[in-house]
Structure formats: structure tokens, C-alpha cells
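*Asks:* Test case, fold it:
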Amino acid sequence: MTNRCAIRLAASILTAATIGYPFAAAAQAAPATRDAAIERLDHVSIARLGKGPPVVLIPGLSSPRAVWDGIAPGLAATHSVYLVELNGFGSGDPAHNLTPGIIDGVVADLDAYLAKRELTGVAVIGHSLGGLIGLKLAQAHPGDVGRLMVVDALPYVGDIFLPGATVAQLEPQAARLRDAMAASYGKPADAAAATATANGLALKPDSRAKLAAWMQAADPRVTGQALYEDMTTDLRPAISSIETPITLVYPWSAAMPKDRADAFYRGEYATTPHVAFVPVGDAAHFVMLDQPAAFAAAVTAFLAP
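*Replies:* Predicted coordinates:
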């Protein structure tokens, strides 16, 4: 892996590990969800829009459900859209996400939510941390997920921090990052640092502005714990057993040329039985914000009968 690739991917999972945040009691509701009924569970809240075949959208680290505003209204015209948001990422009360077990708790919440509604074989789209959650849901509850779109996420993100390292070797670094973020709770936000971090995750000015605001609204205690769990989760031994069809959407740009991106992502998912690769150019980690038209086209193809 090139140093440039490692830096970009590390930034995508860290988001704002060096920024101090005040906890935002409640973020402004996104246009796509302002009038939607929201059900709150232990680890997530879920807003439902539209009617039709179900599709579940899971955002990434520190991101609210507003990250899907570019596609949610259109999808709701033909689908039942379930917009997930981790408690503490834009929706106020962090609830059970102040204790360890966030990722497994989200997976359990989603499985219970789908079972209650007798939904099986749903389409799931997950970005970054949400992509890892989607992979774990497909692994643990294969009947829940009929198809999975993973947007710029890896089965083991720790490999970009210490290539070749085991989880045990990476854990001390993950713990330091978790603790540093938790210690920033209640301290004044560093807007300049948030902007600098957002600039590493997106290419477009509007995308960067949204990210900086979202990062400052997220509870750093939740972000820190979720980051720790992301860094110490290794699905590589299990990825070959996931029979769910996977579509992997990943970015490339001048900073990470297509040939390098192709080689890297194909290598990370080399043992996955059923995976289709969809590169999106002129984009960084937040593909859906940098290239909304290309991302919407990828989603349309993914959901096609």
C-alpha cells in the first residue's frame, strides 16, 4: 500500500480523533427525515420513509443520517427506506453507546428491528463504519441481508495503521485514540482542526463544510469507542463465509489514482465469494457527497431487480 493510500484511509476512519468537541444536544433534522417518524433503540435510531421494497442505510463514524440526503428522497418514491443513525452521532442522547459493545449492539438492534417487522433479505447500504456493520450483520444474520453495498470500508481497517499487525498489536494505539477522544468531551471545539480533517475526507467545498459540522456535533465519547471497536474488529477470517452478494463502492482521485485504488480494494476483498467492484472517480471517502450523481447511479444499479 502506498503512503498516500494509507494516509487517506486512516483519515477516513479517524475522522476527527484530534479535535475536541462539545456534545451537541440535538442536531438539526435533515430535510429527508424532518417529518419522518423515528424509532429509538438502545444503540440506534431509525427513521422510515416511503413504501416498497426495504433498503437500510447505515452511516459511518460521526455521521448522522443526513449523509444520505442525496439519495433518500428519491429512493422513498419506490422503496421503504430505513435511515439508521448511531445514538450520539447527531441525534442527541448517546444512550447505550457510552459503554463498550457499540458495533455488536447496533447489529443486534438492526436484527431485532427487522425481525419485529418480519423483514428478510433486505438491501443494506453502509458507509465506512456502517459498511463494517453491514458486513457483520450479513455474517451473523445472513437471512437479514439479501444484498449489501459497502461504501469505502474494509474488513480490517487496522491494516492501514500498522500493516500486517494483529489486533493485539494494534489495540494499544486504538485505546489511546479512544481515550483521547473521550477526554475531549465538553471542551471547546477546534473549528480549524475540524475543517482540516474534513478536507482529508472529501474533495468538494460543500462536502467538507457538512463534514466539519457533523464532526463537531457528534459525541466524542461515542466516536472514540466506535473507532476503538472498528480498529480492533478483524473480519478477514470470516469474509470468505459471507455468501451475501456485495457491491463495493470505492473512490479514486489524483491523490489516489485508479490503478492503485483498484489493486488495493481488490486485494482487501480477494477472498469474498460474491463481490462487484464499483470505482467512483474524483471523489474521496465521502463518495456520496463528492459525486452524488455517480453514487445515485451506483445505488440504482445495486437495487435493480
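
*Asks:* Do a quick rundown of the helices in the stretch 101-250 of the chain.
*Replies:* For the stretch 101-250 of the chain, the helices defined by DSSP state H, counting those that start in this stretch cover 102-116, 129-140, 167-183, 191-199, 205-217, 220-231, 236-239.

*Asks:* right, so of these, which gets closest to Ala304?
*Replies:* Nearest to Ala304 among the helices of the stretch 101-250 of the chain is helix 129-140 (18.8 Å), distances taken as Cβ to Cβ. Glycine gets a C-beta too; all of them are placed from N, C-alpha and C.

*Asks:* what separates the closest one from the chain centre, distance-wise?
*Replies:* In terms of Cα atoms, centre = their mean, to the nearest Å, the centre of helix 129-140 is set 10 Å apart from its chain centre.

*Asks:* and it, C-alpha only, in PDB?
*Replies:* Taking C-alpha atoms only, helix 129-140 is exported to PDB below (Å, rounded to 0.1, in the frame of the first residue of the first chain):
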ATOM      1  CA  LEU A 129     -18.100   2.100   9.900                       C
ATOM      2  CA  GLY A 130     -21.600   1.500   8.500                       C
ATOM      3  CA  GLY A 131     -20.100  -0.800   5.900                       C
ATOM      4  CA  LEU A 132     -18.400  -2.800   8.600                       C
ATOM      5  CA  ILE A 133     -21.700  -3.100  10.500                       C
ATOM      6  CA  GLY A 134     -23.300  -4.300   7.300                       C
ATOM      7  CA  LEU A 135     -20.700  -7.000   6.900                       C
ATOM      8  CA  LYS A 136     -21.200  -8.100  10.500                       C
ATOM      9  CA  LEU A 137     -24.900  -8.200  10.000                       C
ATOM     10  CA  ALA A 138     -24.600 -10.300   6.900                       C
ATOM     11  CA  GLN A 139     -22.200 -12.600   8.700                       C
ATOM     12  CA  ALA A 140     -24.200 -13.000  11.900                       C
END
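
*Asks:* Mean pLDDT lowest where, among the helices of the stretch 101-250 of the chain?
*Replies:* Lowest mean pLDDT within these: helix 191-199, a mean of 90.

*Asks:* buried sites along that helix?
*Replies:* Neighbour-count burial for helix 191-199, counted by 16 or more other Cβ atoms under 10 Å, picks out Ala193, Ala194, Thr195, Ala196, Thr197, Ala198, Asn199.

*Asks:* tilt between that helix and helix 205-217?
*Replies:* Angle between the axes of helix 191-199 and helix 205-217 is 120 degrees (criterion: axes from the mean of the first three to the mean of the last three Cα atoms, to 10 degrees).

*Asks:* The helix or strand where Tyr82 lies to helix 129-140, inter-axis angle?
*Replies:* Tyr82 belongs to strand 80-86 when assigned by DSSP states H and E. If you take the same axes, to 10 degrees, strand 80-86 sits at 110 degrees to helix 129-140.

*Asks:* If anything else comes up later, I'll come back, but that's it for now.
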